[in-house]
Every structure is written in structure tokens, then in C-alpha cells.
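> Next one to model:
(one chain, ligands or ions: 1)
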Amino acid sequence: MRVLVLSDIHANLTALEAVLSDSGDVEAVWCLGDLVGYGPDPNEVIERVRGIPGLLCLIGNHDQAAMGIIPLSRFNHDAGAAAAWTTHTLKPENLAYLRSLPSKITFEDFTLAHGSPRQPVWEYILDLQTADVNFEAFTTDYCLIGHSHLPLIFLREEANGKAHLASVAWGEQMPLRPRMILNPGSVGQPRDMDPRAAYALLDLKDETWQPRRVEYDVAQVQERMLRAGLPERQAMRLLAGW
Ligand code: ZN
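Model (predicted):
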């Protein structure tokens, strides 16, 4: 089974459409949360995602903020302003869809969480120490996460029980090897200084992970953000990818 793994779309419909067309035919789509927040298309993104056949979808911290269950004080000024705009803009049925999403899913050899298996909505896995403790927090061979917007792969050698970072070139297929924590990066707001939308293709039969990038029309999204009155700084960052 070929699975499209994506995360952190952040209400960027243009980037999402680029990923859906670049990924080609897939049997399933696994979305690791943060459908909304920052971007100009929260309703359009939810409606597009929820219609995808074979979808597994998680809730992220920005989705919770849009539902009003996280105080906006937990966000920086711009993110809080965008979250308030999102809450105001979302149709009731799309808010209800966000409310229906789980924070963690286990599917065969995979645990799916937005932030981390230990703390599914909020924790960032950015370093080896945090990866080490999180390898103890799931029992499947692999864990898929988003949240940091950074495409990172942590591999734990069972011999010494320590995590280290693995790297693979864009478009290259890396064999999966137990155990790993894999992050596909962000579709709608990459933060690794590469503005292209990031995602991954997972092949369950061949047991491979292929991280990929695709260009999209950033200027078009920036224009919609400014027209909607979203913070200018959030529009600018899309061009540089931070
Ligand atoms: Zn996010």
C-alpha cells in the first residue's frame, strides 16, 4: 500500500493541491494534524482533506486553538491573531470536523501523533534527548509525527538504545528499519529555509520512506493572506521557508 504522509497544511490550499497532484496515485492519506492556523483557506482545506478516500487524520495544536480549547496566550502574537481569525472564519460543520479528530492513532506497525507519542498535541521532538524518551512512549516499530515543520528522521539502534539522526536526499527511497520516528515536514509552512511544500510517500509493501518537495505558487497564497487581514509577517515567511 502506498501512503501519502502529510502534516501541518496550515490552511494553505495551494500547497495542499500541489502535494496531492505531485504524489500521484496513493491508496491512503495520513494527515498528522494542524489543518488550519496561519493560512487563508481553513474551510477549503478541511473540506478538501475530509473528502479524501482512505484518510486517517489527527488533531494538532492549531486545530485545538481554532476550536477555542487552548488559550490564545499559549501562542505568540501573530499565531494568536491568526487563530482568532480562523475561529471566526470556520463554518460550524468544519469546526465540528476538527472536534471529531483523535490525537493519536495506531495502524499496524505505525503510531501517528501530531507532536510526539508521549504528548501527542504539544511536544516538539527536535533533539536526540527528546527522541530518546519518546522511543519509550510507543510500542510499534515506527512513529510518524509533524508539529516542528522540520523533515527529520530519528533512528534508534537497538544495540545501544540511543537515537541518532538519519538523513536521506529528497526523492530518494530510504528502507524503513525498526525503530524510527519520522517527520514528513510541513505542507503549508515549511521552516527549514526551503519554501517548497514538504511531504513523504510511505510504501508499506516495500517498507520505504521517500521524503519529497514540490513547488507551489507562494505569491498567490500571500495575496490571499493579506486580503484576509492576516499578519503580514506570516505571509512573508512563506517565501523564505522559516
Ligand atoms: Zn504546525
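> Now do the SS call for the nearest residue to Ala66 once chain neighbours are set aside.
With sequence-adjacent residues excluded and distances taken as Cβ to Cβ, 6 or more residues apart in numbering, Ala66 is closest to Thr86, at 4.5 Å. All C-beta atoms are positioned from the backbone trio N, CA, C, and that covers glycine. Three-state assignment for Thr86 (DSSP: H, G, I helix; E, B strand; the rest coil): helix.
> what does this structure put close to the ion?
Within the chain, the residues that sit near the ion (Cβ under 5 Å from the ion) are 8, 34.
> and the residue of the chain positioned farthest from its centre, what element?
What lies farthest from the middle of the chain is Ala159; by Cα atoms, centre = their mean that is 30.6 Å. Using DSSP states H and E, Ala159 sits within no helix or strand.
> and the gap between the residue lying closest to Leu176 once chain neighbours are set aside and the ion?
The shortest distance from Leu176 to any non-neighbouring residue, by Cβ to Cβ, 6+ apart, is to Glu207 (4.4 Å). Glu207 sits 28 Å away from the ion when distances are taken as Cβ to the ion, to the nearest Å.
> so how many other residues sit close to Asn12?
Neighbourhood size, Asn12 [other Cβ atoms under 10 Å]: 30.
> isn't it right up against Gly37?
No. Using Cβ atoms under 8 Å, Asn12 is not in contact with Gly37; the gap is 10.2 Å.
> Confirm that Arg177 sits in a helix.
No. Per three-state DSSP, Arg177 lies outside any helix segment and is coil.
> Please name the nearest non-neighbouring residue to it.
Per Cβ to Cβ, 6+ apart, closest to Arg177 is Leu155, 6.7 Å.
> Counting neighbours, which bits of the helix or strand containing the one you found end up buried?
Using DSSP H and E, Leu155 sits within strand 153-157. For strand 153-157, a neighbour-count test (16 or more other Cβ atoms under 10 Å) marks 153-156 as buried.
> Counting by contacts, list what that strand packs against.
helix 128-135, strand 162-166, strand 180-182 (3 or more Cβ pairs under 8 Å, 6 or more residues apart in numbering; DSSP states H and E).
> which residues touch the shortest one?
Contact partners of strand 180-182, identified using Cβ atoms under 8 Å, 6 or more residues apart in numbering, comprise 5, 125, 131, 134-135, 141-145, 152-156, 163, 166, 200, 209.
> Let's have the helices and strands packed on strand 153-157 in TSV, adding distance to Leu56 and mean neighbour count.
Converted to TSV, those look like this (distance: least, Cβ to Cβ, whole Å; neighbours: other Cβ atoms under 10 Å):
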stretch	distance to Leu56	mean neighbour count
helix 128-135	20	17
strand 162-166	24	15
strand 180-182	15	22
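> Understood, closing this out.
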